[in-house]
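Visitor: pasting the sequence and the predicted coordinates here, then a few questions.
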Amino acid sequence: NIALDVLYEDNELIVINKPPGLVVHPGAGNWTGTLVNALIHHCGDSLSGIGGVRRPGIVHRLDKETSGVMVVAKTDRAHKSLSEAFADHGLTGDLKRAYLALVWGIPMRPTGTVDEPLGRAVDRVRRAVVPEGRDDARHAVTHFTVIERFGEQQKQFASASLVECRLETGRTHQIRVHMAHIGHPVVGDPDYGQAFRTKANRLPEPLKGRVKTFPRQALHARLLEFRHPTTHLTMRFEAPVPRDMEELVDGFRELCTTFHPFKT
């Protein structure tokens, strides 16, 4: 009986705000306590069976430690329609997805696009930018916009940025890999931001301690927009940033207002 933060529900679908730390569907090491388990308890038998017993109704996923908006199909009709929308990535339809990420450093441009194919990393577990001709290379495009800059004027401290990322494709770990590839990994990312963990040492307390103990990547699925499978109305849902990430961002905001560069 896992409580769900339901943003919307009707006979065709359910939209939820997934908390960080919740695995989407059962798998090795996570057979219980998943979003699917919670959905089965909440919806009973009214989930689409197209995804099989492990993934009923699941048409897209978020990483375990990524929070935010997800839609789940309750009927096969909705499953087919939503799956097609996600497969198309909004190129010809109404699907839109926007994420907020707190990243290290400040991108040189306020907006940008990362168009780099992704494949398996050498360890066969993580993902990486790979040569376009490689067998496992998959087309991947991420658009980003810088929302806020932190520490730009405080050169003695490590800088960071709050960015909005919009997906043109939907590969595994896409935002995390692409932002790390351009030198701005997501703060707290255990897989793609390890080389930047020492940056926390260049922050004043209590922000330094807050960053070092932050248990996950600071990534949140803020917005999801799609066409309803039966009414054909455009549905738009936004999820508030979870408290732990909001407190982390506030810490960087305080850095900018509390510490000012020395005037000459």
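Guide: Thanks, I have the structure now.
Visitor: what ranges do the helices span in this structure?
Guide: 35-43, 76-88, 174-181, 207-213, 243-258 (DSSP state H).
Visitor: closest to residue 133 out of these?
Guide: helix 174-181 (17.9 Å; C-beta to C-beta). (C-beta placed from N, C-alpha, C; glycine too.)
Visitor: other SSEs contacting the closest one?
Guide: When contacts are defined as 3 or more C-beta pairs under 8 Å, 6 or more residues apart in numbering; DSSP states H and E, helix 174-181 packs onto strand 96-104, strand 111-115, strand 127-129, strand 141-150, strand 160-167.
Visitor: list of residues touching the longest one?
Guide: Counting by C-beta atoms under 8 Å, 6 or more residues apart in numbering, strand 141-150 makes contact with 100, 106-107, 109-115, 159-169, 174-175, 178-179, 249, 252-253, 255-256, all of which sit outside it.
Visitor: give me the distance between the two termini of stretch 89-103.
Guide: End-to-end distance for stretch 89-103: 24 Å, by C-alpha to C-alpha, to the nearest Å.
Visitor: find the nearest non-adjacent residue to residue 212, please.
Guide: The spatially closest residue to residue 212, leaving aside those adjacent along the chain, is residue 200, at 4.9 Å (C-beta to C-beta, 6 or more residues apart in numbering).
Visitor: again, but for residue 35
Guide: residue 24 (4.8 Å).
Visitor: report how many residues lie close to that neighbour.
Guide: As a burial measure, residue 24 scores 21 neighbours (other C-beta atoms under 10 Å).
Visitor: report pLDDT for it.
Guide: Looking at residue 24, its pLDDT reads 88.
Visitor: how much space between residue 3 and residue 18?
Guide: 12 Å (C-beta to C-beta, to the nearest Å).
Visitor: out of these two, which sits in the busier spot?
Guide: Neighbours per residue (other C-beta under 10 Å) separate residue 3 from residue 18, with residue 18 holding more: 25 against 9.
Visitor: isn't residue 81 up against residue 229?
Guide: Yes: counting by C-beta atoms under 8 Å, residue 229 is a contact partner of residue 81 at 3.5 Å.
Visitor: returning to what we had before: turn the helices of the chain into a markdown table, including distance to residue 219 and mean neighbour count.
Guide: Listed next are those as a markdown table, based on distance: least, C-beta to C-beta, whole Å; neighbours: other C-beta atoms under 10 Å:
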| stretch | distance to residue 219 | mean neighbour count |
| --- | --- | --- |
| helix 35-43 | 17 | 19 |
| helix 76-88 | 18 | 18 |
| helix 174-181 | 6 | 24 |
| helix 207-213 | 15 | 16 |
| helix 243-258 | 8 | 16 |
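Visitor: wait, which of those helices is closest to residue 191?
Guide: Per C-beta to C-beta, nearest to residue 191 of those: helix 174-181, 7.0 Å.
Visitor: send the alpha carbons of that closest one over as PDB?
Guide: Provided in PDB are the C-alpha atoms of helix 174-181 (Å, rounded to 0.1, in the frame of the first residue of the first chain):
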ATOM      1  CA  GLN A 174      19.700  10.800 -21.900                       C
ATOM      2  CA  ILE A 175      19.700  14.100 -20.000                       C
ATOM      3  CA  ARG A 176      22.300  12.900 -17.500                       C
ATOM      4  CA  VAL A 177      24.700  11.700 -20.200                       C
ATOM      5  CA  HIS A 178      24.200  14.700 -22.500                       C
ATOM      6  CA  MET A 179      24.700  17.300 -19.800                       C
ATOM      7  CA  ALA A 180      27.800  15.400 -18.500                       C
ATOM      8  CA  HIS A 181      29.100  15.200 -22.100                       C
END
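Visitor: count the neighbours of residue 134 for me.
Guide: Residue 134, neighbours per other C-beta under 10 Å, totals 11.
Visitor: got the confidence number for it?
Guide: At residue 134, pLDDT is 90.
Visitor: look up how far residue 174 lies from it.
Guide: Residue 134 sits 17 Å away from residue 174, going by C-beta to C-beta.
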